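> Got a predicted structure plus its sequence, pasted below:
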Amino acid sequence: MSDEARFQMALEDAIAQKNFDQALPMLDEALAKTPDDKKLQLLWAKASLGMGDTEKAKEVLSKFNEADDQYREAKSLLELLDFHAEAAKKDVQGKEAVVYHEACKLACQEEFESALQAFLNLFVEAPEWNDGAAKKAMLTLFGVLGPKHELTWKYRAKLNTMMFI
């Protein structure tokens, strides 16, 4: 295995283990050498999101285009930015807002089924809360997961049932 591959694996491991403060300086150094490396840019965006810096992550992720190998993952992360922004909030007030906040944290942790269930429960209890935020969040997660994902099928059916009862 090359030194570059080992370095990339170490970065991916640090991010997977949520050691963002360890990964970011390594990524900054690597990107200084190869600023156009899309894999490194994606890892940098993930680390920035993990540190709560959604604006910097958004700036990097929005530069990916369909020709990039990492486009789909970058697009998913971009769609999850609102969840990261909500999860970063400290003082959440109100029953529905707390449930929504916790569901967003689950989505950020990629616990998608738990997040979808929490959003569905909120939709059932308060469908119009915050201009239908729970339903919009579910639709966003369906987009992140993709139309053929098992959870998309399962929770789209549940949401449709609740909407038309």
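Cool, the structure landed.
> So what touches stretch 53-67?
38, 41-42, 44-46, 48-49, 70-71, 74-75, 77-78, 81, 84-85, 88 (Cβ atoms under 8 Å, 6 or more residues apart in numbering). Every C-beta, even on glycine, is put in place using the N, C-alpha and C of the backbone.
> Among the residues you listed, which are located in strands?
Counted as lying in strands by DSSP state E, out of the contacts of stretch 53-67, is not a single one.
> Mind checking which of those residues are buried?
Buried subset of those (neighbour count, 16 or more other Cβ atoms under 10 Å): 38, 41-42, 44-46, 48-49, 70, 74-75, 77-78, 81, 84-85, 88.
> now, which of those residues lie within helices?
Applying DSSP state H to these, the entries found in helices are 38, 41-42, 44-46, 48-49, 74-75, 77-78, 81, 84-85.
> Closest one to Glu111 out of those residues, please.
Using Cβ to Cβ, His84 comes nearest to Glu111 of these, at 14.1 Å.
> Hmm, that closest one is touching Met51, no?
No: assessed by Cβ atoms under 8 Å, His84 is found out of contact with Met51, at 10.2 Å.
> Assign Ala10 to helix, strand or coil.
Classification of Ala10 using DSSP: H, G, I helix; E, B strand; the rest coil returns helix.
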